[in-house]
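# With the input below, show me the fold.
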Amino acid sequence: SLNGEPEQGIAVEAVGQGQCAIYGEDTVTDEEGRFRLRGLLPSCLYHIKLKAEGNDHIERALPQYSAIQVGSDDVDNVNSVAFRQINQFDLSGNVITHSKYLPTLWVKLYKSENLDNPVHTVSLGQSLFFHFPPLLRDGENYMVLLDSTLSKSQYDYTLPQVSFTTIGYHKHITLVFNPTRKLPEQDIAQGSYIALPLTLLLLLAGYNHDKLIPLLLQLTSRLQGVCALGQAGAD
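Numbering: from 1, shown residues only. So this is what the prediction gives:
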């Protein structure tokens, strides 16, 4: 393995190349990580490598294979480094929002089958970035949800959420939080008080236009008469 410890039970094979492609041998490493392949044919070229089957706990090996030409003597010191399968899934993310909202935000991780109890909860504090403890890379379905302590009576906002599956090795999530402050109730009330009389006047004007128009004409005529008298007095 990478740390120098022997790997027992690793399946190794010799695969013939060229005219020897129909030939092959396989074996398994012992408790000291050593292996012996017997029955290789002289003058044949073989690739010595880890078998694809039977090594589910091994992700890969370096080198991918070793090429040997079989002669009259044994071939020694064919070495390979095995990398164990990493059964870990890393989850990170960031939040796009104004810094003043950060202390009010929490990021919660749920399993999709249980949205009542979060698996992990992270407080953002003063950071736009977050990171959860490693998850198992087992293909489970999860959901990340942003939560806030901002008062719903003072702010309008939507809490973003993202679903994902633990396939691969890493997932990075971006969440957007953009709250808007509600108008104070006093301003809304004042607007209503002004709008209501104007609406009533418009309705009255609409229903009584046949009476309102002659009244406006009469008022205009009187104003013109007053202006004319004032002009005559000035002369």
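# can we go C-alpha only for contacts and neighbour counts from here?
Fine.
# what secondary structure does Leu102 sit in?
Applying DSSP: H, G, I helix; E, B strand; the rest coil to Leu102 yields a three-state assignment of helix.
# Please work out how many residues are found near it.
Leu102 is flanked by 19 other residues according to other C-alpha atoms under 10 Å.
# ok, it touching Leu124?
Yes: counting by C-alpha atoms under 8 Å, Leu102 touches Leu124, with 6.1 Å between them.
# Now do the shared contacts for these two.
Common contact partners of Leu102 and Leu124 (C-alpha atoms under 8 Å, 6 or more residues apart in numbering): none.
# which residues touch the residue nearest the centre of the chain?
Centroid check for the chain by C-alpha atoms, centre = their mean gives Ile173 as the closest residue, at 2.4 Å. Contact partners of Ile173, counting by C-alpha under 8 Å, 6+ apart, are 91-94, 162.
# who wins for neighbours among those residues?
Going by other C-alpha under 10 Å, Leu91 tops the contacts of Ile173 with 19 neighbours.
# Skipping adjacent residues, who's closest to that one in space?
Excluding its sequence neighbours, the residue lying closest to Leu91 (C-alpha to C-alpha, 6 or more residues apart in numbering) is Lys171, at 5.1 Å.
# next one: Leu145
That would be Gln161: by C-alpha to C-alpha, 6+ apart, it lies 4.4 Å from Leu145.
# confidence score at the one you found?
On pLDDT, Gln161 comes in at 96.
# that older thread, tell me the spacing between the residue nearest to Leu91 and Lys182.
35 Å (C-alpha to C-alpha, to the nearest Å).
# Who has more neighbours out of the two?
Using other C-alpha under 10 Å as the criterion, Lys171 and Lys182 rank with Lys171 on top: 14 against 11.
# hang on, that one packs against His131?
No: in this structure, Lys171 is not within contact of His131 by C-alpha under 8 Å, at 10.3 Å.
# Next, show the common contact partners of these two.
Shared contacts of Lys171 and His131, counting by C-alpha under 8 Å, 6+ apart, come down to 91-93.
# okay if I get those residues as TSV plus pLDDT?
What follows is these, written out as TSV (pLDDT from 0 to 100):
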residue	pLDDT
Leu91	92
Ser92	93
Gly93	94
